[in-house]
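A.B. asks: prediction below, plus the sequence it came from.
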Amino acid sequence: MFDGAIKGDAIAVAVVPLSLAGFDRIEAIQRFLSALHGRAIPPDTRMTRQQRARLRRMLRAFDGHRAGATQQEIARVLLNTGRLDRDEWQASSARHAIKALLRDARAMVAGGYRKLLRHRRPR
């Protein structure tokens, strides 16, 4: 963690690769500098508001699963489904939504989170 203190004549620098990744690095540096100097922090454009909301639901679903909650219990909390009997649950769109959230959360935990660090840019 950088505390903003630079000792003596030291100068802090940022390295920007001259590849497509350089664009992401420049945006991150701009956000960092803004925070460091108490200015308004530009928005992070790597994800939309909807993508952030889905990511939060994925993490909450995964946390619930790891804590031993059933998929139906997770759906009650995240999707406000209420109690469903077995047949209703089997046919429920909430069941499929929770399965998709857990599938995608597992992929994130297995290393897919690295994709969050970069924009999807044309080559």
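C.D. replies: In hand now; what should we look at? What you see is a predicted model; the values in this text were computed from it and never measured.
A.B. asks: tell me the centre residue of this protein?
C.D. replies: The chain has residue 55 as the residue nearest its centroid, 5.0 Å off, counting by CA atoms, centre = their mean.
A.B. asks: hang on, isn't that residue packed against residue 48?
C.D. replies: No. Taking CB atoms under 8 Å as the definition, residue 55 is not a contact partner of residue 48, at 10.5 Å. All C-beta atoms are positioned from the backbone trio N, CA, C, and that covers glycine.
A.B. asks: distance of residue 78 relative to residue 106?
C.D. replies: Applying CB to CB, to the nearest Å, the value for residue 78 to residue 106 is 16 Å.
A.B. asks: these two: which has the busier surroundings?
C.D. replies: residue 78 (18 against 13; other CB atoms under 10 Å).
A.B. asks: helix or strand for that one, which one?
C.D. replies: In this structure, residue 78 sits in helix 71-79 according to DSSP states H and E.
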